[in-house]
Structure formats: structure tokens, C-alpha cells
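S.K.: Predicted model follows, preceded by the sequence.
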Amino acid sequence: MKFVFTEEQQMIRDSAESFLAKVSTSKAIRSAMATEQGYNQALWQRICQELCWQMIHSPQAHAGIGLGYVELALILEKMGYYLLCSPFYSTVCLAINTLLVAGDKAQQAEYLPKISNGLTATLAYVGKTTSHGDNRWGAEAVTATAQRKGTQFILNGNLRYVPDGSTAELLMIAAREQSSVGEEGISLFVVPAELAGIERRLLPTMDQTRKQAEVVLNNVTLPSSALMGEEGTGWPQLKIIIDLATIALAAEQLGGAQRVLDMAVAYSKERIQFNRPIASFQAIKHRVADMMTRVEVSRSGVYYAACVAQQTMKAGVLDSTQARELAEAASIVKAYCSDAYFSNAGDALQIHGGVGFTWEYDIHLYFKRAKACEHFLGNGAYHRERLAAFILD
Amino acid sequence: MKLDFSTEEQAFRSEIATWLKQNLTGEFAQLKFCGGPGNEHRSPQQRKRWEQKLAEGGWSCIGWPQQYGGRSCSIEQQVIFHEEYHRAGAPGRLSLLGEGLAGPTIIAFGNEAQKQKYLPGIVAGTELWCQGYSEPGAGSDLASVKTKACFNETQGKWLINGQKVWTSLAHQADYCFVIARTNPASTAHKGLGFFLVKMDQPGIEVRGIKQITGTSEFNEVFFNNAECDAEGIIGAPGDGWKIAMGLLGFERGVSTLGLQMQFRNELNEIIRIAKQNNAYRDPAIRQRIAQSHAELKIMRYNALRMLSAQAENGTLQKEALIYKVFWASWHQNLGELAIDVMGPEGQILDKSNSGSEYTLNHLQAMYLFARADTIYGGTNEIQRNIIAERGLGMPKEPRA
């Protein structure tokens, strides 16, 4: 048992740090977020071609680097810290995880090398609904339908909150058999985004640093080769995919929570009132001490959850006996980090005083991103109820 | 970074688990889940015998170097020991202050004669220790202690005068480590000495403090020309502050992992009650139970991260600073959760109470005692100052 990083892991973290500090500046973030695409194409290609980060946890057999989830989490933490605008999360944490967990050898062999060349991809599974149900990120969220017609599938439905959904070149889609409910009848499909019947609309978002889209399926006809895994029994796999993506998001949240702490500390040391830096007031010190506590607890949680994810998917190979522990770790860490990032962002804004309320200062970018991350894949209350069901029911 | 224990570590785990199963029997069976913070008043004599039983089995002071009677166990082995110890429900350690604080301080700062004199009794579980730091006028501002130590040439001894307070287990202890002013003209952290004082002597009076729980484990200790041998001072007069602060590092040691197993036992008890009285159906209670569970699980990795880094680098890292405020606040919340899960029934004391008696059940006592968690060992407010100043480089408050 060793709960410290290896030298290799430290190297990965340090190189992510120095690269992102250079390329993901305030100016770069603001220019990327103002575009519809939401990221800089040249920068994404550098990440894919020079650093190969998008392949970090894919198996070497399919153009991957063959490292694990701990290494992935370290990179995500730094991306969250530098608020990198890129399709990394959607392509790697949603789409590649879907390919690794649910894709067959042929699908992996076809798509992973393409992603290694810079192809972008995402996962769409949450259907449009008007109810604020208990399980809006679980199996019930899947409302698109897949109807078998001979050797083909006909997909219909309206999918929402799809990260980078308007730009991704490849879509993973979850749909269910008509009239099936709950965990039954769910299938996963992989399809090129530019296909007859698929309509994609950018959803303008309060947080501009990660784009969301609506994906409308209108009698989309797919060959059986688009089906991932077995027809109608996709839920256990989708559940693992969501849990892996949840842990990845928590790693980003950790980075963001650390960044707003650093910004608040730096600002409070500069800002003079009553002839002294406001950092010398206990009212400020105690607030940042609580922020640091939340950051360090988040960090312990993220590294623990990343280790569990690593045990679940060693070198791209799934061990589904770990599914329950993975689900628990995902909910533990997402519940904690969601609240930690948002609290820290709110506190950092407060410590900045009036300038924290301006468009000019960057703190609002993090404040908005914190809330977006909190809600995507379930907020603290959602995950605590999921844990409560584990422990109490 | 990995979570699984090695085969050797697993073997060590089953060794201690088996020993506990075989020995927590007979007269010791009734000590299960007995003692610990909030329950220190229970069965002290039997628990002292249990300390000696542990020592016979070679399970006392396992992290100490072998040359001083320990086992030189690795951090990982100590983690395992503490987890299994409390998983088995073995009683709260009466020798905590000797094994965890006095001993490591003597090993780090004492001379050879002091090591020979004081360490064997700690290892054998025959000599218990208490800590003489706080005073009525020196709480958070610990450096303002007024207790004086004056060397009497004719007697060849130190004479100590003053008062300590919040001294846990002073009424059980054989020795007290005391910080006292050796230079009466000195102020703050200068001019202090670190003394090892025998408790059984006419110059020392111990008075229990009746606490919020109705029980007493904290005490006032009065020193009235209390004697301490010339060899009973660690380091030189004036070194006291440095030594006392060195000891704070030990305080955040591995025993915290054991604390977490106690917390887990308490949370399990709360969950059992919630299921029994249907409190578990209340959505607000469900949220709180889940939150306690999640944060307790992460707390273990806080500790492992802190200890692994310490083993790797030899020093405590910045993240260790957050440890106390986090567990103390968490545990206080757990106390509130416990009493809220019990509902109105939680307000009723056990039937055996009559007249002036005030006997609380385990969780009622925990609920009240947890108010002390955020005060003793550095209040949450002091912890936050330390985090801000040492962890984040914030400037100190200007002195008035």
C-alpha cells in the first residue's frame, strides 16, 4: 500500500502543468469560449499529435499509451486548474470510456486509431424530460428509442446536455427498446455524427468554457455493426461508463477548486485596506483555510476514486466485479468535489470583492464552470441519495 | 499510487486480528468498545491490565525502534494495527499519551539515562502518562504559561509551582510531562522547560472537572512545590517550547487511523438505529448519513496520503495541516446526526438513572463530548490560523 505518486506520475503531472500554463491563458480561454466551437482547433491537434494525452489510458494494441486512470486524473486535474477549453473530456472520458467498456474489438480497432489522429467524439444518453426526477442521470434518463427492423436499428429521440455535442465527429448514443423501462432494454450505438436524421443544435450555456448541445434523432437508420455490446442489456456497461466519467469530472473539479483558492490567496495578499493586506484579517484567513481544507479533502477523494477506477479498468480491460465499488467511489467523490468547487468559487469571488463581480476578472469563469460541473452527471444531493440507497435500503 | 496491501502486510493484518480475537476474552471481553474520548472514566483498572496484556503480546509501542522495546513497524503496519485494533472493538488506549507523545519525545530529545528510566514502563503498560500544557490563562495562547520551575540547589531538585488544566487522565497517570517557565522574567515561548514529573507526591493535587457529560476525564492539576529530579528535564532550560512543538508532529500520527475505526463503529450504530426507528426514510437524514459516510471514507485517504508522504519525505507535508479541523468538525456533525436520528427518544436517559444521576448512553455521550473535539488540541480557529499562515503563507495578525 503506497498512497503517493510514482516518479512517472509526477512527471506526467509536471509536464501537464507546464504545458497548460503556457497555452491555456486567460486570453486563450476567453477567445476559445467566444466561438461556437468552444475550443482552438490548432491547440487540440497539438494535444493529440504532440502529447497524445487523449490516448493515455487506451490499450497499446489500439494506438493507446496504456497507462491508467490515475495518470488520466492527474491530467484532468490540471485541465480543471487551467480551465482548458477542449473536447478532451467528451472525447476521452465519455467516448473512449464507452468504446473501452462497451465496444467490441472491431469497433475499438476502427475508432481508437482515428481518435489517436485527433477525431473528436462524445456520448449522448440523457433524454429530454420535463420532470425533475430522482434519477435524471441514471437508467431512467435514457429515453431515446431504438427499434429493430431486420438487421437495422431505427433511432428516435431528443438528447440533451451533450458535451461538445455540436462539434463531435463521432457519437455514442444510448437508446432503449420502445415501452421498456428502468434498466431494461438499453442499447449503446456508435455512429458518425454527420448522418441522415441526426440534427444537432448548440445550447447556449451560462458556462461558456464547455459547450453543450441537443441531439435530435429523427428515424436515424443504423446497421447492426453500430450496436455496441448486446442488444437491450447495455445498462450495466453504461452505468460503469457514467461512473468512470463521474470520477473524471471530479478530478477536473479538484483542479478548479485549487485554482480559485490560489487566486483568492494571491489577491488577498495584494489588496490593501485599512493600511494592511486583507490577507492578514482572520475573517479572510479562516475562509481560505476552509477552502484549503476542501481542496485537500477533494484531493484525497479523487486519488482514491482514480485508484478504484484503475482497478476497474486495467490497461483498457474491464473488471466488472469492481462495479459496485466503482459506483460508490464515484458518488463519494462527486458529492464532495461538486460542493467543494462551488463553495470555493463562491468564497473566492467574495474575497475578490467588487472586482470579483466584473467580466474582466477571471473568477466568474470558474464560478460558472463550478456550477456546470456540479450539475452534470448529478449534484451532491443526487450522489448522496445514491449512497444512501447503498447503505440504508 | 495503489490501494491494495502486500501479502506480507495482509499476513500482519491477520496476525493482529487473530491475537485480538484470542485475547479480548475472559475478564477483557467486557472491555469491548469501552474507553476512548468521552468514555475515559470507564473501567480504568481493567484497562490498565489490558495495556499490560497487550505488552505481553508484543503489541505496545509497535512503531518505536526495537532498541527501546518497540517493533520498528513500518507506517503501513501501524496503520493496519490501529485499524484492526478498533475494528475488533478493543478498549480505548489508556497509554495513548505515553506511547504516542511522551515516549516519542523522550526518544527524540531525551538523553540515554532518561530513555532507560522512562521508556520501559511505557512499553510494559505499567506506567501511564498525562500532558501538562494548558493553564487557566494559557489555552489557545499556549506560550503564555505561568507555571514556574525553579531549581533548588540544596535539595538538588526542580520545584514546580502553578496550575494546569484540561489534563486528560491525570487521576490515572503515574507521570506528567509539564511545560513550565524556568526563567521567571521570560515571556511567550522563550524561557520554558520540559519536565517529566512523578504524579504521586504531596506537592501535586488532582481535581476532576465535571464535564458537560456529567463525567470527569479532564482534570485540574495543582503544583505546590512539586518536586522533579534534576535529571527530569528534557533538553536544557529554555528548550521547552521547541520540544513541545516537536511533539505536535507526533500528535498527528498513525493513531488517527484507529480513531477513524471508532468513528466507523459509531456511524454503524447510528445507521442501525435509523433503520430500527425508520429515521432512514427521512430524505434529510439520508443526505446526512450519506455525507458522513462519504467524508469518513475520504478521511481514511487523507490519513494515508499524509502518512505515505511522511514516510517518503521524512516530514509532514502541507496537507497534514487540514487533518485536525476536518476530523473534529466531521465528528461534531456526527454527534448531531446521532442525536437527530434518535429524535425525541434521544432526549430520554436510561431508566437506571434516578434522582441526581446523569448517565448517558454511548451516542448521547458522544454527541456532547464531540463539542470538545473542536476545542482541545488546538481549537478550529487556531487550526485555521495555522493552515492560513503555514499552509498558504498568509501574514500574521498584527499584534496589538
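M.R.: Okay, I see it. Please read all numbers here as calculations on a predicted model, not as lab measurements.
S.K.: After the helix or strand of chain B with the lowest mean pLDDT, which helix or strand is next? Please name it.
M.R.: Lowest by mean pLDDT, DSSP states H and E among the helices and strands of chain B is helix B:240-251, with a mean of 75. Next along the chain after helix B:240-251, taking DSSP states H and E as the criterion, comes helix B:255-276.
S.K.: which other residues reach that next one?
M.R.: A:391-392, B:33, B:36, B:78-79, B:82-83, B:85-87, B:89, B:93, B:96, B:100, B:279-280, B:285, B:289, B:292-293, B:296, B:299-300, B:303, B:307, B:323, B:327, B:330-331, B:334, B:337-338, B:341-342, B:362-363, B:366 (Cβ atoms under 8 Å, 6 or more residues apart in numbering or on different chains). For the C-beta atoms, the positions are set from N, CA and C on the backbone; glycine is no exception.
S.K.: from the chain's centre, how far out does that helix sit?
M.R.: 18 Å (Cα atoms, centre = their mean, to the nearest Å).
S.K.: What residues sit buried inside the following helix or strand past it?
M.R.: Where DSSP H and E defines the elements, the next helix or strand beyond helix B:255-276 is helix B:283-313. For helix B:283-313, burial by neighbour count (16 or more other Cβ atoms under 10 Å in any protein chain shown) applies to B:285-310.
S.K.: And stretch A:379-393, by the same measure?
M.R.: The neighbour-count check on stretch A:379-393 (16+ other Cβ under 10 Å) flags A:379-388, A:391-392 as buried.
S.K.: which residues sit against it?
M.R.: A:134, A:136-137, A:327-328, A:330-332, A:334-336, A:338-339, A:374, A:378, B:271, B:274-275, B:280, B:283, B:286-287, B:289-291, B:293-294.
S.K.: Restricting to the buried residues of helix B:283-313, which residues neighbour chain A?
M.R.: Of the residues in the buried residues of helix B:283-313, proximity to chain A by Cβ under 8 Å from any Cβ of the partner chain holds for B:286-287, B:289-291, B:293-295, B:297-299, B:301-302, B:304-305, B:307-309.
S.K.: And what about residue A:202, helix, strand or coil?
M.R.: strand (DSSP: H, G, I helix; E, B strand; the rest coil).
S.K.: and if you look at residue A:181?
M.R.: Per three-state DSSP, residue A:181 ends up coil.
S.K.: I'd like to know how far the closest residue to it other than its chain neighbours sits from chain B.
M.R.: Sequence neighbours aside, residue A:140 is the residue nearest to residue A:181 in space, at 7.8 Å (criterion: Cβ to Cβ, 6 or more residues apart in numbering or on different chains). Remark: distance between residue A:140 and chain B (Cβ to the nearest Cβ, to the nearest Å) = 18 Å.
S.K.: number of nearby residues for residue A:140?
M.R.: When neighbours are counted by other Cβ atoms under 10 Å in any protein chain shown, residue A:140 registers 18.
S.K.: One more: the one 3 residues further on?
M.R.: Burial of residue A:143, expressed as a neighbour count using other Cβ under 10 Å, amounts to 17.
S.K.: What segments of chain B are helices?
M.R.: B:7-23, B:44-56, B:75-87, B:96-97, B:103-109, B:112-124, B:240-251, B:255-276, B:283-313, B:323-342, B:362-373, B:380-386, B:392 (DSSP state H).
S.K.: looking at those helices, which is closest to residue A:159?
M.R.: Comparing those by their distance to residue A:159 (Cβ to Cβ), the top pick is helix B:283-313, with 29.1 Å.
S.K.: pLDDT weak spots in the stretch 201-350 of chain B?
M.R.: Along the stretch 201-350 of chain B, segments meeting pLDDT under 70 span B:247-255, B:315-316.
S.K.: quick one: the closest residue in space to residue A:182 that isn't next to it in sequence and residue A:244, what's the gap?
M.R.: Excluding the flanking residues, the one nearest residue A:182 by Cβ to Cβ, 6+ apart is residue A:139, at 5.5 Å. Here the criterion is Cβ to Cβ, to the nearest Å. By it, residue A:139 lies 16 Å from residue A:244.
S.K.: more crowded one of these two?
M.R.: residue A:244 (27 against 22).
S.K.: so that one sits right up against residue A:311, yeah?
M.R.: No. Applying Cβ atoms under 8 Å, one finds residue A:244 not in contact with residue A:311, separated by 11.9 Å.
S.K.: can I see the domain layout of chain B?
M.R.: By the assignment in automatic domain parsing, chain B contains the domains B:7-94, B:129-238, B:252-392.
S.K.: can you redo these as TSV with distance to residue A:37?
M.R.: Output for the domains of chain B, formatted as TSV (distance: least, Cβ to Cβ, whole Å):
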stretch	distance to residue A:37
domain B:7-94	49
domain B:129-238	55
domain B:252-392	37
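S.K.: Nearest to residue A:144 among the ones you listed would be which one?
M.R.: domain B:252-392 (30.0 Å).
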